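# kindly return the folded structure for what I paste below:
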Amino acid sequence: MKRRANGLGTAYKLAGNRVRPWIARFPAGRDELGRRKWVTLGYYTTKSEAEKALALNLIQPVSEKHRITFSALYDEWSMIHYKRVSRQAKYVYTGSYKLLEPLHSRVFCELRTADFQRVIDRLDKSRTYKEIIKTFVGLLYRYAMENDICHKNYAQFIKIEKAERKEIEIFTDTEIKKLFDNDTIPGVDMTLMLIYSGFRIQEFLNLTVFSVDLKNGIVTGGLKTDSGKGRIVPIHPRVMKYWKKYVDNAKDNLFTRGGKVLKQQYFREKMYYPALAQLGISKKSPHKCRDTFATLLARNGADTLAIQQLMGHTNYAFTANVYTAKDKEYLTKNLNLI
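Numbers count the residues shown, from 1 in each chain. You can find the predicted model right below:
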């Protein structure tokens, strides 16, 4: 192994027929026996490329973990990052990692935009989910750069193509009637409550007995935005009996399993989707309940302002943040149009 006097490292050609036969290595201290340790910087097509990499390493040195694989980097990152994120975020990032399985065994610093682009483009996922994957990869690059594993974030160049605008799929009148006719099937009553309240699935599952005022016929809940938090949704007469049933049988959280808040994944996989399949209703995500709610309001002539308030899509705030009888009457009138 030929060493350079200036401590640059060494570049030499490997035996055999290789696409990238030139290896670049640099010294990284000594082991327990006093022998010099060498870290592989990378493999290159030509000698000049290898020497250029060594020269660059003097300016921007990388750590001994430079050759860490994608999966090993993820393991390191997740042990730190998952301590300070929500369970839902952890679930999303874990799913993103699994979808990038073709890259798991690759050396992370050798991956380029095209590698990620190729995998993401082949996924049968929504544009939103692909954006989440891009964000996830960016977080890995941030960790790698903070620890001198690499010096460039290739995630920033990933392109997520805009999907063609499709007509929003909602529950049809026939499907809604089928749900009402079969409301004893587990998950059906909750599906109807979602359709007639417009809550996002997590907002819905977070509701407690204190969120529901049966006497005045309103539910207070919401997350995500300032306008969405603490918004008030009148209870539609068609689903009042379901709200009353859950309030009467709950001590704190409305929707529970084993004494704990019902999880999104369980509701989707064990209740919601099986119920739709049993009734012969085409598979729709729980968010389609919210889309159906908005569509029914618009179709039946509800005021735009009322729709915004009920959906939590506006910065409109109730006077002095107090809910008045006039507000309730206005929202209830518009809600009952559907």
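
# which SSE is the residue positioned nearest the centre of the chain in?
Centre of the chain computed as the mean C-alpha position; nearest residue by CA atoms, centre = their mean is V92, 4.3 Å away. Per DSSP states H and E, V92 falls inside helix 87-99.

# give me the helices and strands touching whatever helix or strand comes next after that helix, please.
Moving toward the C-terminus from helix 87-99, the first helix or strand encountered (DSSP H and E) is helix 113-121. When contacts are defined as 3 or more CB pairs under 8 Å, 6 or more residues apart in numbering; DSSP states H and E, helix 113-121 packs onto helix 127-146. Using the backbone N, CA and C atoms, a C-beta is placed for each residue, glycine as well.

# burial of the residue nearest to E175 when sequence neighbours are not counted, as a residue count?
Spatial nearest neighbour of E175, chain neighbours left out: I281 (5.0 Å); criterion: CB to CB, 6 or more residues apart in numbering. For I281, the number of neighbouring residues by other CB atoms under 10 Å comes to 19.

# and I281, which of the three is it?
Taking DSSP: H, G, I helix; E, B strand; the rest coil as the rule, one finds I281 in the coil state.

# ok, the one 4 residues further on next?
Using three-state DSSP, the secondary structure recorded for S285 is coil.

# residues touching it, list them.
S285 is in contact with no residue at all, counting by CB atoms under 8 Å, 6 or more residues apart in numbering.

# and T292, what element?
Under DSSP H and E, the secondary-structure element containing T292 is helix 287-299.

# contact partners of that helix?
Contacts of helix 287-299 from elsewhere in the structure, counted by CB under 8 Å, 6+ apart, are 168-171, 176, 191, 194-201, 306-307, 310-311, 334-335, 337-338.

# mind showing which ranges of the stretch 1-150 of the chain have poor pLDDT?
Using pLDDT under 70 as the threshold, the predicted model of the stretch 1-150 of the chain has low-confidence ranges 1-8, 58-59, 61-63.

# repeat that for 90
Using pLDDT under 90 as the threshold, the predicted model of the stretch 1-150 of the chain has low-confidence ranges 1-20, 22-45, 47-68, 84-89, 109-110, 124-128, 147-150.

# just the helices in the stretch 151-300 of the chain please.
Using DSSP state H, counting those that start in this stretch, the helices found in the stretch 151-300 of the chain span residues 173-181, 188-195, 201-205, 240-248, 264-266, 273-279, 287-299.

# what's the most buried one of those helices?
Among those, helix 188-195 has the highest mean neighbour count (mean count of other CB atoms under 10 Å), at a mean of 24.

# endpoints of stretch 143-157, how far apart?
Using CA to CA, to the nearest Å, one end of stretch 143-157 lies 17 Å from the other.

# next, the buried residues of it.
Of all the residues in stretch 143-157, those buried under the rule 16 or more other CB atoms under 10 Å are Y143, A144, N147, I149, C150, Y154, A155.

# which outside residues touch it?
Residues contacting stretch 143-157 (CB under 8 Å, 6+ apart): 60-63, 65-66, 68, 73, 76-77, 80-81, 108-109, 111-113, 116, 134, 137-138, 140-142.
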